[in-house]
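Visitor: turn this into a structure:
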Amino acid sequence: MNIFNEHSSNIAAGIALASLLLGGCSVLQPAKPVNMASYALGVQFEPAVASAGGLTVLVSAPIAQPGFNSQHMIYIKRPHELEYFSQNQWVDSPARMLAPLLIQALEHSGKYRAVIQARTAAMADLRLDTEIIRMQHEFLTSPSQAHLTVRAQLIDIQAKKVLATREFDVMEAAPSDDPYGGVIATNRAVKKILQQIADFGAQESKAGEPRNAQK
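Guide: Predicted coordinates:
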């Protein structure tokens, strides 16, 4: 009887050990990689017939509010609570993606003699600073919407003064309530807001007039 119990105990212990080892093996297995989809901002602007501007504008590198300075694609289902899509991301941070598009929008407006980047050594008359306040996919309505807010500030470099500051806010309905629908709507919002910023700069600086002709 004792031999039988001991044999049974050994079998049970062996089964438990095997189960533990098998379970341990599964735990130690590397996690399966997540298939991450990456999206870019891409906007086309219609070029102006001819450049009518007499000023050169320097475009500072855009910055972003905390929470919007990474590759995460942000969505909200209730106000003030930011969430991230787990398998979808931007190819770069919103600010870095916005920079070349902002330059294109200003160039294609035809309101400036030249549009230059901050890292160049060329002299400029004006400086345009921009900050992304929000860039998110909102599921607060049906259909969902892309919501983009950008603050722009135009500075007269020679006079060392702020000419104007304005906040631009655009919402675009998404064609589908999924990340890709949000991407399409965001690109539409980006195009609208950059065209508004280009018009704002031209209006506030009177960029269509040569500097020596301004009073």
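Visitor: do a quick rundown of the helices in this structure.
Guide: Here the chain has its helices, by DSSP state H, at 2-28, 94-109, 179-205.
Visitor: so where's the chain uncertain?
Guide: 1-34, 49-52, 121, 207-215 (pLDDT under 70).
Visitor: excluding its backbone neighbours, what's nearest the most centrally placed residue in the chain?
Guide: Centroid-nearest residue in the chain, with CA atoms, centre = their mean: residue 94, separated by 2.1 Å. Spatially, and ignoring its direct neighbours in sequence, residue 94 is nearest to residue 135 (4.8 Å; CB to CB, 6 or more residues apart in numbering). For glycine as for every other residue, the C-beta is placed from the backbone atoms N, C-alpha and C.
Visitor: give the contact list for the residue nearest to residue 40 when sequence neighbours are not counted.
Guide: Distances taken as CB to CB, 6+ apart place residue 91 nearest to residue 40, at 4.7 Å, with adjacent residues excluded. Neighbouring residues of residue 91 by CB atoms under 8 Å, 6 or more residues apart in numbering: 38-40, 71, 97.
Visitor: same deal with residue 149?
Guide: Listed by CB under 8 Å, 6+ apart, the contact partners of residue 149 are 132-135, 167-170.
Visitor: which members of these occur in strands, if any?
Guide: The members of those that map onto strands under DSSP state E are 132-135, 167-170.
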